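Chemist: Sequence and predicted structure are below.
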Amino acid sequence: MTRDDATTHERAMPPRRVESGPGAITISSDHGAVVAAIDGELDVSNIGIVHHVIVDSMQDGSRYLILDLSSARYIDSSATAMVLRISNEMATHRRAFSVVAPEGSRARRVFHFTGIEPDLDLHDDVAAALHSVASMKD
Amino acid sequence: VTLPSPPSAPDRDAPPEQQPILIVDDRPENLLALAAVLEPLGARIVTATSGDDALRRLLTDEFALILLDVQMPGIDGFVTASMIKQHPRTAHIPIIFLTAFDERLDLAARGYSSGAVDYIAKPFDAWILRSKVQVFLDLHRKTVLLEQQTRRLEAHVHDLNASRRDLADAQRIARIGSWELDLATRRVRGSEQLNAILGLPSGSALTYDALRKCIGGDDDTLDAALDDLRARATIERATTLEDGRLRHVVVTIEPDLDVEGRAHRLIGTVQDVTEQREAAAALARAEQELRRERELVDLLQRSVAPVDVPEIPEFDVASRYLAAGPGIVGGDWYDVVPLHDGTAFLVIGDVAGHGLEAASAMAQIRTALRVVALTMHTPSGVLQQINRFLAVSASPVFATMLIVRCDPGSGACSAASAGHLPPVVCADVPRVQWVTAGPPLGSGLSARYHDTSFTLDADQTLLLYTDGLVERRGELLDDGLERLVSVIRCCEYDSGELADSIVSALCEPETTRDDVALLAVRRRGLSPELDLTLVADPARLSQVRMTIERWLSSVETEPSVLNDVVLAVSELATNVCLHAYPSFSRGPLHITGRVEGDDVHLIVRDEGRWRAEPSPHGGRGIPLLRALGFDVSFDRSDNGTAVRVIAARRPSQCEAI
């Protein structure tokens, strides 16, 4: 994904909100991290575009991505596949990646039962995720 | 970066249904990506790297569709689009704008004013892009076919009239020759005209053999038959003349009887009816062809008209369209647009006028409706936006429209009308549901619309219709509405039967002058048995989940397990959408559910055989369901795959034991 200067400039204005099918994604920045928050539903109809927006949001050189699924009303196995894919892409590009999925949330339950919980850096809220990356830096 | 090379030959010669797509973007990598995404559609793709470049290509080539980047150096997408729309030769080509995300609403509005029909936000979702382009290609193909059929129909009418003229001419110049045969001597005499008919040299004497050949049959039996002839006979046959021409002749034979009742002399005529027979045969062929063409045009009109209404599980939808006459394309239409919150727009409209112009204005309004509905969820707001769109569109359009937004779960409705007739609620006591009406669409920028709320109870049917159903010349509209309400006798019908009974009661052919569109939507009450059939489409999955959730609640599934059951059904439905049918074809998705004691049994079934997935059980979905504790079983056959999930309606207590 290569962008010229004009679009890089355009993109430097967070937050952005993108609605797609039954869900929406809002991109914002918090203490130097890109926070991608999902609300509504994530299924096979919108994971493609959500994935694209998330990866695109990291093009300006941010080091840390937080995917906030605490407000996701529905997520399924195709969404877990997308989360794993992002996790791998971030690792390849040496970016830190955390997922916000509090205990009792739909996302946490689906991660648990698909068995990918151990593969993810999971937190209860964005603040905790930010704290964790700060301590990693130390 | 290599790009698809520009076509060497002009595409003006290409069959219209195979005209290529023009993609305009200043960045080669975008062109390449778009071309790759659209490749599976099979349409040829031509690229242009600037507005100027695009306009140059449009001068020489015909295109089915234009994908136009908004932001380009030089003349931008909007200016390019307005130039395309100003030119009569290219004004009809649909344009899809490609815009960046942040601008999408604002730009979409500007897009309308320069005559675009749709927009796609960047970055593109390949699936959405392909689907939208496919819709426009289909519409283009159907419009082209309809135009071709209409032209062919006109040609056939022309041929038919020509055949009728030929027939008249042939009768006028009908040639009849006469002859006489003495049976005792077998001597014959023929008229000069007969020589001409039989292709004999002028002035030559007719021979018995020549006459016999003309009358036909085996020589001996013919001789005997002629000897025994007691009454007038007429023989029609094809005969090959001396000069080798094949002619149709009618031979009449009149016996001249003596006192004993025996013929001693035959007198007769030979008439050459070749032209008449050929003209009659051509006439019959042309008439048959005309009938077939009219059927085709009707069929095409039905496919251009939005009869392909999406299924909403709780709605039993029936629609009828009656053309004003065979092959007459009209402007009445209807649509059902599911919204992402599970509600749906039920829409009916009437574009003034007939013919392809009205039909294409209708298609434009319908597309505008679907695009506006993506972001605007109140009927009044949608009408306002479409009205603004029409107010600035190139050709003046005058149309009425009624939009009812209905929540399938609660039956809560809100409706707004642009000069359209009010809906009728078919209940035990049918009633006209008055809706505050604003001016018709296209009557000016300042029009305002208002929403009216009402409720459609379970098992009631909402009836939307166009004026052809109720209006009679020289009659008050109220009388027409009263007549409509009076023919709704029974609300126990399903919506299809209801629609048929209304059509048969009100639309006698001699009283129907206008075209008629009818949309009947019955809201089903939820029953203990769930039975859904819909098109396997990932975009419908959210709707499926809402329906399953409502059904599970209605059969008293505990909230703590409900979400997992919804997940299970959605996972299975996703597998059907992705793996049951080949790409870009859509087969049915069946979901049935019933209660068995403390369990619910849900079956998700498809009618496909195609499986791209190497794992037959659809990736991570099935292991997830089993991990969640569901009993999942498969039943595979040539007719498709059925997957059954058994789930407890209450949380399991077994773990403690």
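Modeler: Nice, I can see it. As the structure is a computational prediction, the values presented were derived from the model and not from experiment.

Chemist: what about the strands in chain A?
Modeler: Taking DSSP state E as the test, the strands found in chain A are A:16-20, A:23-30, A:33-42, A:64-68, A:72-75, A:96-100, A:122-123.

Chemist: Now mean pLDDT, distance to chain B and mean neighbour count too, for those strands, in TSV please.
Modeler: For the C-beta atoms, the positions are set from N, CA and C on the backbone; glycine is no exception. TSV is the format used below for the strands of chain A (pLDDT from 0 to 100; distance: least, Cβ to the nearest Cβ, whole Å; neighbours: other Cβ atoms under 10 Å in any protein chain shown):
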stretch	mean pLDDT	distance to chain B	mean neighbour count
strand A:16-20	74	6	19
strand A:23-30	87	9	20
strand A:33-42	93	6	22
strand A:64-68	95	17	25
strand A:72-75	94	7	22
strand A:96-100	95	17	23
strand A:122-123	96	17	22
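
Chemist: Quick one: closest of these to residue B:500.
Modeler: With respect to residue B:500, and counting by Cβ to Cβ, the nearest of the strands of chain A is strand A:33-42 at 38.3 Å.

Chemist: so where do the helices sit in the stretch 201-350 of chain B?
Modeler: Assigned by DSSP state H, counting those that start in this stretch, the stretch 201-350 of chain B shows helices spanning B:208-215, B:219-228, B:274-304.

Chemist: Now do the second one against helix B:208-215, angle only.
Modeler: Between the axis of helix B:219-228 and that of helix B:208-215 there is an angle of 90 degrees, by axes from the mean of the first three to the mean of the last three Cα atoms, to 10 degrees.

Chemist: rewinding a little: could you dump the strands of chain A into CSV and include distance to residue A:108?
Modeler: Shown next, in CSV, are the strands of chain A (distance: least, Cβ to Cβ, whole Å):
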stretch, distance to residue A:108
strand A:16-20, 23
strand A:23-30, 17
strand A:33-42, 14
strand A:64-68, 13
strand A:72-75, 10
strand A:96-100, 9
strand A:122-123, 7
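
Chemist: Spatially central residue in chain A, please.
Modeler: Central residue of chain A (Cα atoms, centre = their mean): residue A:67, 2.5 Å from the mean position.

Chemist: contacting residues around the residue lying closest to residue B:258 once chain neighbours are set aside?
Modeler: Distances taken as Cβ to Cβ, 6 or more residues apart in numbering or on different chains place residue B:264 nearest to residue B:258, at 5.4 Å, with adjacent residues excluded. The contact partners of residue B:264, by Cβ atoms under 8 Å, 6 or more residues apart in numbering or on different chains, come to B:182, B:183, B:184, B:256, B:257, B:258.

Chemist: same check, this time on residue B:208
Modeler: Contacts of residue B:208 (Cβ under 8 Å, 6+ apart): B:181, B:186, B:187, B:188.

Chemist: run the last query once more with 7 Å
Modeler: Applying Cβ atoms under 7 Å, 6 or more residues apart in numbering or on different chains, we find residue B:208 in contact with B:186, B:188.

Chemist: pLDDT value on it, please?
Modeler: Residue-level confidence at residue B:208 comes out at 87, pLDDT.

Chemist: What residues does the stretch 301-450 of chain B have near chain A?
Modeler: Applying Cβ under 7 Å from any Cβ of the partner chain, we find that the stretch 301-450 of chain B lies next to chain A at residue B:340.

Chemist: Got phi/psi on the residue in the stretch 301-450 of chain B that chain A sits nearest to?
Modeler: Proximity of the stretch 301-450 of chain B to chain A (Cβ to the nearest Cβ) peaks at residue B:340, 5.3 Å away. Backbone torsions for residue B:340, taken as degrees, to the nearest 10, come to phi -70, psi -20.

Chemist: what sits against it?
Modeler: Taking Cβ under 7 Å, 6+ apart, we find residue B:340 in contact with A:21, A:22, B:542.

Chemist: Rounded mean pLDDT for the longest helix seen in chain A, please.
Modeler: The longest helix of chain A (DSSP state H) is helix A:77-92. Mean per-residue pLDDT for helix A:77-92: 92.

Chemist: Show me what counts as buried in that helix.
Modeler: A:77, A:78, A:79, A:80, A:81, A:82, A:83, A:84, A:86, A:87, A:89, A:90 (16 or more other Cβ atoms under 10 Å in any protein chain shown).
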